[in-house]
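# Turn this into a model:
(one chain, ligands or ions: 1)
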Amino acid sequence: MTTPEPVPAQDVAVVVHGVRDLRVEQRPVPAPAPDEAVVRIAYGGICGSDLHYWTHGAAGESVLRAPMVLGHEVVGTVVTAAADGSGPPAGTEVAVHPAGTTDAAAAFPPGRPNLSPAGTYLGSAARSPHTEGAFARHAVLRAGMLRPLPGGLSLRTAAVAEPAAVAWHAVRRAGDVAGKKVLVIGCGPIGLLVVAVLRRAGAAEIVVTDVHEHPLTVARELGATDTVAAADADAVAAVAADVVFESSGSPRGLASAVRGAARGGTVVMVGLLPSGEQPALISLAITRELDLRGSFRFTDELDDVLAALADGSLQADAVVTHVLGVDDTLAAFELALDATASSKVLLEF
Ligand SMILES: [Zn+2]
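Numbers count the residues shown, from 1 in each chain. I've put the predicted structure just below:
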């Protein structure tokens with residue numbers, strides 16, 4: 001029996017106060033509710049949404065109205081188990097499923113809780129009060145969000161599990177990709193993880209595009225078989241892929257995705273476009289009878305990802321280009337903004 005690790009009354013957290021106002025500050029560690037555990041966070045991946053709150057004070061439709069702890073891509077070790085006995089015991093290394101629901105009566109399609117209109121997400125300003133994130137040395141989390149790491153899987157490797165689950169969900173939305181020719185538009189962290197998941201899923205050819213050279217190099221490491229310059233519309237059209245993943249989150253990327261799809265092909269839209277109406281190359285999608293499919297977050301794919309990272313069938317380490325200590329949070333955010341130099345940047349707590 002090990003002595004329980006003491007939980008400090010307050011500890012370091014990464015808080016966005018407004019546009020370009022990000023602070024690493026001491027915050028009280030809340031007393032956990034009976035169904036909550038205290039987790040000592042080891043790593044937190046910086047996501048596009050974290051960057052958007054910092055640079056624009058908003059992520060899509062979610063507008064920052066009060067200071068908020070950022071972060072939803074976290075892994076760590078349980079230091080205080082939930083008092084009601086739910087969830088893993090103290091000492092367990094865990095990944096975190098960031099989704100929760102506040103209203104069980106809210107309707108969503110069967111088996112697709114990611115589409116619940118009442119869904120909450122760690123570090124999200126979609127609702128008021130905001131849902132605090134988990135970029136904190138000690139985070140208080142609902143025990144139902146915690147997923148014990150399979151044996152042999154390190155916290156460091158598991159740190160990409162959340163964005164990899166987003167990628168896994170997107171690939172699942174495409175149906176069977178084995179033996180197919182696939183095009184991935186945009187090689188930010190999600191596009192890169194889509195490449196890694198596609199390789200595991202047996203795609204025959206994985207062609208990637210990006211406007212920068214650095215992410216294409218990482219994409220090759222993760223399994224891309226060919227690269228095309230994003231600006232070369234003719235080369236993109238010549239790919240004629242069975243399945244295209246739009247992971248750039250831009251209208252031009254979506255146009256490239258439609259252009260690069262073979263007749264009768266499928267386009268999975270996983271990159272989140274800016275809110276409001278967006279121009280799109282729809283006429284070509286109609287005459288080619290393309291299936292345009294949205295992909296949003298994930299449901300239970302986190303468990304598939306953890307199993308695949310543990311058994312080595314999913315190789316995603318190359319997506320992490322930098323690990324910085326929490327004291328260097330500002331430098332880490334600046335680095336994560338620079339797609340010519342970084343892919344996934346992790347904070348180490
Ligand atoms: Zn994320």
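
# CA only for contacts and neighbour counts going forward, please
Noted.

# residue contacts, the residue nearest to the spatial centre of the chain?
Geometric centre of the chain, nearest residue: residue 163, 2.7 Å, by Cα atoms, centre = their mean. Neighbouring residues of residue 163 by Cα atoms under 8 Å, 6 or more residues apart in numbering: 73, 189-190, 193.

# got CSV for the residues you listed, with pLDDT and distance to residue 306 too?
CSV is the format used below for the contacts of residue 163 (pLDDT from 0 to 100; distance: Cα to Cα, whole Å):
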residue, pLDDT, distance to residue 306
73, 98, 13
189, 98, 17
190, 98, 16
193, 98, 14
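
# now the helices: where do they sit in the stretch 101-250 of the chain?
Counting by DSSP state H, counting those that start in this stretch, the segments of the stretch 101-250 of the chain that form helices are 155-158, 161-173, 189-200, 213-222, 233-239.

# Sort out which residues of the fourth one are buried, please.
The one in question is helix 213-222. 215-216, 218-222 (16 or more other Cα atoms under 10 Å).

# Give me the mean pLDDT for it.
For helix 213-222, the mean pLDDT works out to 97.

# now do stretch 284-299
97.

# That stretch: how far from the chain's middle?
20 Å (Cα atoms, centre = their mean, to the nearest Å).

# So what touches the least confident helix or strand in the chain by mean pLDDT?
The weakest-scoring helix or strand in the chain, judged by mean pLDDT, DSSP states H and E, is strand 99-101 (a mean of 83). With Cα under 8 Å, 6+ apart as the test, strand 99-101 has contacts from 114, 116, 118-122, 145.

# and residue 45, what does it touch?
Contacts for residue 45 (Cα under 8 Å, 6+ apart) come out as 71-74, 159-160, 344-347.

# Among those residues, which are located in strands?
73-74, 344-347 (DSSP state E).

# If you rank these by neighbours, which is first?
Per-residue neighbour counts (other Cα atoms under 10 Å) across the ones in strands among the contacts of residue 45 peak at residue 74, which has 32 neighbours.

# Which residue, neighbours along the chain excluded, lies closest to that residue?
Excluding the flanking residues, the one nearest residue 74 by Cα to Cα, 6 or more residues apart in numbering is residue 44, at 4.4 Å.

# so residue 271 is in which element?
Using DSSP states H and E, residue 271 sits in no helix or strand.

# sorry, that was for residue 7
Under the criterion DSSP H and E, no helix or strand holds residue 7.

# if we can go back for a sec, from the chain's centroid, how far away is the least confident helix or strand of the chain?
Counting by Cα atoms, centre = their mean, strand 99-101 comes out at 15 Å from the chain centroid.

# What about the residue nearest to residue 227 when sequence neighbours are not counted, how many residues nearby?
Distances taken as Cα to Cα, 6+ apart place residue 208 nearest to residue 227, at 4.8 Å, with adjacent residues excluded. Neighbours of residue 208 under the rule other Cα under 10 Å: 29.

# Per-residue confidence at residue 208, what does it come out as?
Note for residue 208: predicted pLDDT of 98.

# for the contacts of residue 163, which one is nearest residue 82?
Nearest to residue 82 among the contacts of residue 163, counting by Cα to Cα, is residue 73 at 20.8 Å.

# Report the contact partners of that closest one.
Shown in contact with residue 73 (Cα under 8 Å, 6+ apart): 44-47, 96, 98, 159-163.

# circling back to that earlier point, where does the residue nearest to residue 74 fall, phi/psi-wise?
Here is the backbone geometry of residue 44 (degrees, to the nearest 10): phi -140, psi 120.
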